[in-house]
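In: give me coordinates for this.
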Amino acid sequence: MHFLTHMKEAFLNLIHAKMRSFLAILGILVGTGSVVALISSSQLATLHALAQFKSLGTNLLAMDLMRPYKPQSTAGGDAAHFMLSDLPSVLKAAPQVRLAGPYINLFDPINFKGKIYRGQVMGATRDLQTIAKMGVARGRFISYLDVNSYYCTIGSTLAKQIRAQGYDPMGRQIMIGNVYFTIVGVLKKWQPNLFIYANLNSGVVIPLATSYLLSKQAEIRNILFRLVKNPNLPKAQAAIKSQINLLLPSMQVQFRNPQQIINIVGKQRKTFTWLLGSIGGISLLVGGIGVMNIMLVSVVERRREIGIRMAIGARRSDVLMMFLIESIILTIFGGIVGIILGVLVSFGIAEASQWGFQVFGMPIVLGFAVSVLVGILSGIYPAMRASKLDPIQSLGAE
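Out: The predicted structure is shown next:
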């Protein structure tokens with residue numbers, strides 16, 4: 001029989017058994033859609049992270065100070081920590097540094113009109129705003145004049161929560177720990193990144209010097225540096241570390257530079273692509289098993305038809321091709337609809353997360369190729385079983 005004849009008959013048979021065809025397509029649709037949606041979403045998240053990274057600039061350098069672990073019995077001794085007064089000597093030792101923004105993270109409860117909010121409290125300087133490009137939606141950021149003052153700038157999410165209570169946050173008093181601060185500004189929406197360990201949307205920024213008044217354990221553990229354009233990163237890191245070692249010999253220094261962050265994001269992307277692709281692949285495998293089961297049921301139900309075809313001259317290869325083409329058509333159709341569904345789902349995720357959206361070729365090609373392969377593999381056994389049926393016994397089937 002001609003290939004086009006096989007195709008025509010396969011379409012007619014699938015249309016005739018609408019419910020069976022729908023159930024077979026459903027599993028492939030879900031599996032292919034999962035592959036496309038999961039991998040596309042992972043790639044969109046990666047691109048979004050890289051875009052945020054590029055928006056901050058490639059001449060950033062983050063430094064973390066860590067005190068070596070000491071058993072409680074030997075703790076004590078060197079309790080020195082980095083002070084704001086140490087910063088000029090670091091800047092002098094590292095001429096590639098243009099600006100330095102030290103900050104302190106605290107986790108005191110945030111209380112407004114008796115309602116407790118969970119959020120991060122960051123003690124910072126005005127330079128950190130410039131380095132990290134923190135936009136201000138209303139009012140102002142804390143300034144150099146606010147040293148030891150009880151003023152604060154709050155995040156966009158916290159401002160919305162306060163407005164939901166029926167208050168305009170500007171000029172209001174907010175309690176952090178047991179201390180009242182006056183809100184003088186609201187930040188624009190903050191995009192978390194790998195340079196700063198903070199989510200400022202639900203947090204509060206206070207003057208760095210005031211942080212010490214809130215907690216006796218407050219100390220500078222993180223500094224963000226803005227370097228000159230096209231810096232020599234190894235040289236800048238070595239100069240900073242050398243000065244820190246002079247000031248605080250017991251402190252361990254770690255850096256996060258742009259290349260390291262690019263490598264981290266790249267590794268995460270590969271890991272998530274394989275992981276999410278595997279999850280989608282399992283869904284496709286389950287869908288393929290479903291197609292095989294439905295095709296086997298179809299063989300049993302159509303034994304008499306198979307017997308008639310073979311009695312009037314159809315070869316075993318014709319019967320095999322008929323069922324194999326039906327299986328492939330089911331999976332191709334399910335794959336195409338699944339791809340469309342997967343793209344729409346990834347678009348919805350991008351919109352909800354406020355990411356940029358684009359269509360990626362790799363997950364679409366992968367999803368379609370795997371769905372076709374599943375169609376072939378899941379159709380071979382039922383097709384072979386149909387082609388090996390005895391014509392005489394098949395004609396007598398009810």
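
In: any weak-confidence spans in this structure?
Out: The model of the chain has pLDDT under 70 over residues 1-14, 17, 69-79, 390-398.

In: domain parsing for it?
Out: With domains defined by automatic domain parsing, the chain comprises 3-53+263-395, 68-250.

In: which of these sits closest to Leu61?
Out: domain 68-250 (4.3 Å; C-beta to C-beta). Every residue, glycine included, has its C-beta placed from N, CA and C.

In: can you give me the end-to-end span of the closest one?
Out: Length of domain 68-250, first residue to last, C-alpha to C-alpha, to the nearest Å: 7 Å.

In: quick one: distance of that domain to the chain centre.
Out: 26 Å (C-alpha atoms, centre = their mean, to the nearest Å).

In: cool, and stretch 35-43?
Out: Relative to its parent chain, stretch 35-43 has a centroid offset of 10 Å by C-alpha atoms, centre = their mean.

In: please name the nearest non-neighbouring residue to Lys113.
Out: Gln165 (6.2 Å; C-beta to C-beta, 6 or more residues apart in numbering).

In: so Gly31, which of the three states?
Out: Using DSSP: H, G, I helix; E, B strand; the rest coil, the structure places Gly31 in helix.

In: so it makes contact with Leu373?
Out: No: Gly31 is not in contact with Leu373 according to C-beta atoms under 8 Å; the separation is 11.8 Å.

In: who's more crowded, those two?
Out: When Gly31 and Leu373 are compared on other C-beta atoms under 10 Å, the one with more neighbours turns out to be Gly31, at 30 against 14.

In: count the neighbours of Pro95 for me.
Out: Pro95 has 11 neighbours, counted by other C-beta under 10 Å.

In: contact partners for it?
Out: Applying C-beta atoms under 8 Å, 6 or more residues apart in numbering, we find Pro95 in contact with Ala239.

In: can you give me phi and psi for it?
Out: The phi/psi pair for Pro95 (degrees, to the nearest 10) reads phi -60, psi -20.

In: which elements pack onto the biggest helix by length in the chain?
Out: Secondary structure of the chain per DSSP state H: the longest helix is helix 258-301. Contact analysis of helix 258-301 by 3 or more C-beta pairs under 8 Å, 6 or more residues apart in numbering; DSSP states H and E lists helix 18-56, helix 316-353, helix 361-387 as its packing neighbours.

In: mind doing that once more with 10 Å?
Out: In this structure, helix 258-301 packs against helix 18-56, strand 60-66, helix 233-247, helix 316-353, helix 361-387, with contacts taken as 3 or more C-beta pairs under 10 Å, 6 or more residues apart in numbering; DSSP states H and E.

In: before we move on, back to that, which one of the domains of the chain lies nearest to Leu60?
Out: Proximity to Leu60, assessed across the domains of the chain by C-beta to C-beta, is greatest for domain 68-250 (5.6 Å).

In: got the angle for the longest helix of the chain vs helix 233-247?
Out: In terms of direction (axes from the mean of the first three to the mean of the last three C-alpha atoms, to 10 degrees), helix 258-301 departs from helix 233-247 by 120 degrees.

In: before we move on, back to that, intersection of neighbour lists for Gly31 and Leu373?
Out: Common neighbours of Gly31 and Leu373, using C-beta atoms under 10 Å, 6 or more residues apart in numbering, are Leu284, Gly288, Thr331.

In: do you know how far Asp108 is from Leu213?
Out: Asp108 sits at a distance of 11 Å from Leu213 (criterion: C-beta to C-beta, to the nearest Å).

In: before we move on, back to that, adding distance to Asn59, write the domains of the chain out as JSON lines.
Out: What follows is the domains of the chain, written out as JSON lines (distance: least, C-beta to C-beta, whole Å):
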{"stretch": "domain 3-53+263-395", "distance to Asn59": "12"}
{"stretch": "domain 68-250", "distance to Asn59": "4"}
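
In: looking at those, which is nearest to Asn257?
Out: For Asn257, the closest of the domains of the chain is domain 68-250, at 5.1 Å, according to C-beta to C-beta.

In: all strands for the stretch 51-200 of the chain, in order.
Out: 60-66, 97-106, 110-112, 115-117, 121-124, 136-139, 151-154, 173-176, 179-187 (DSSP state E, counting those that start in this stretch).

In: Pro234 contacts Ile240, doesn't it?
Out: No: counting by C-beta atoms under 10 Å, Pro234 stays clear of Ile240, with 11.1 Å between them.

In: if we can go back for a sec, which of the shared contacts of Gly31 and Leu373 sits closest to Arg302?
Out: Checking the shared contacts of Gly31 and Leu373 one by one against Arg302 (C-beta to C-beta), the nearest turns out to be Thr331, at 19.3 Å.
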